[in-house]
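**Q** structure for this input, please:
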Amino acid sequence: MPYRKRIVELILFLVVINIHGQSIKTVPSNKAPELVMSLGKVTSFKKVDFTDQNYLKTLLVFYQSECEDDEAVMKYLSSRQDEFQTSKIRLIAVSGDVDQKTFEDTSQKLQWNGILSCDMQGVQGINFLNYGIQETPTLFVIDQKGNILARENAVEPVLNALADPSKELWRKIRRPPRPGININGKD
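**A** Residues are numbered from 1 along each chain as shown. The predicted model follows:
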């Protein structure tokens, strides 16, 4: 009987995850699903190779034009493009637009140097569905092996995931213990 209860709990857990847009396949530590980029007005497509040795990580952003939150995130990321590229971070933005003119106008304003794609299918596009995107902006950090390191809706946690791990480790090592905590196990 306890075995059945655990199965029911697991099924409920999986349902809750899918309801909240956290598709099982796009959680941190899993392999990133296939990402297909549309190339301009032509109906040709190209798959992204996350294992490209020219990049240490990939920052993947799902957004929609004419959304204030998305626009603010995209402007902020656009302002830091040089820093990302110097750090060997590939920038990819996937738009959920359904209108070509809106997409082109927004793209021109952003001056995005990375890869920019829109299949004009909105949130029903193949990439939005593969990544389980139900709200924008949604940002992913993907490592050189194609593993998802972070899935967030805000910039700050993504910047932490993009940081050089050696710097993060250094911060943890240098952090002094909290007062009143005995780290030696003695009184």
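**Q** going forward, measure contacts and count neighbours with C-alpha atoms only.
**A** OK.
**Q** what's opposite the residue nearest in space to the middle of the chain in the beta bridge?
**A** Of all residues in the chain, the one closest to the mean position by Cα atoms, centre = their mean is residue 140, 1.0 Å from it. Counting by DSSP bridges, residue 140 is bridged to residue 60, residue 151.
**Q** report the contact partners of it.
**A** Residue 140 is in contact with 58, 59, 60, 61, 148, 149, 150, 151, 152, 158, counting by Cα atoms under 8 Å, 6 or more residues apart in numbering.
**Q** where along the chain do the strands fall?
**A** 36-38, 45-47, 57-63, 89-95, 115-117, 138-143, 148-152 (DSSP state E).
**Q** make CSV from the ones you listed and add distance to residue 30 and mean pLDDT to it.
**A** CSV is the format used below for the strands of the chain (distance: least, Cα to Cα, whole Å; pLDDT from 0 to 100):
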stretch, distance to residue 30, mean pLDDT
strand 36-38, 18, 86
strand 45-47, 18, 81
strand 57-63, 15, 96
strand 89-95, 19, 95
strand 115-117, 23, 90
strand 138-143, 10, 95
strand 148-152, 6, 93
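**Q** quick one: which of those is nearest residue 81?
**A** Across those, residue 81 has its closest neighbour in strand 89-95 (7.9 Å, Cα to Cα).
**Q** tell me the gap between the closest one and the middle of its chain.
**A** Here strand 89-95 is found 9 Å from its chain centre; the criterion is Cα atoms, centre = their mean, to the nearest Å.
**Q** now stretch 66-73
**A** Here stretch 66-73 is found 16 Å from its chain centre; the criterion is Cα atoms, centre = their mean.
**Q** tell me the mean pLDDT for it?
**A** Mean per-residue pLDDT for stretch 66-73: 92.
**Q** list the buried residues of that stretch.
**A** Within stretch 66-73, the residues that qualify as buried are 70, 71, 73, counting by 16 or more other Cα atoms under 10 Å.
**Q** same check, this time on stretch 127-145
**A** Under the neighbour-count criterion of 16+ other Cα under 10 Å, stretch 127-145 has 127-128, 130-134, 136-144 buried.
**Q** check stretch 54-62 too.
**A** So stretch 54-62, judged by 16+ other Cα under 10 Å, has buried residues 55, 56, 57, 58, 59, 60, 61, 62.
**Q** likewise for stretch 112-128?
**A** Residues of stretch 112-128 classed as buried by neighbour count (16+ other Cα under 10 Å): 112, 114, 116-120, 122-123, 125-128.
**Q** hmm, back to that, ok, the contacts of residue 140 vs residue 87, which is closest?
**A** For those, the closest approach to residue 87 (Cα to Cα) belongs to residue 58, at 10.7 Å.
**Q** apart from its chain neighbours, what residue comes closest to the closest one?
**A** Nearest non-adjacent residue to residue 58, counting by Cα to Cα, 6 or more residues apart in numbering: residue 90, 4.6 Å away.
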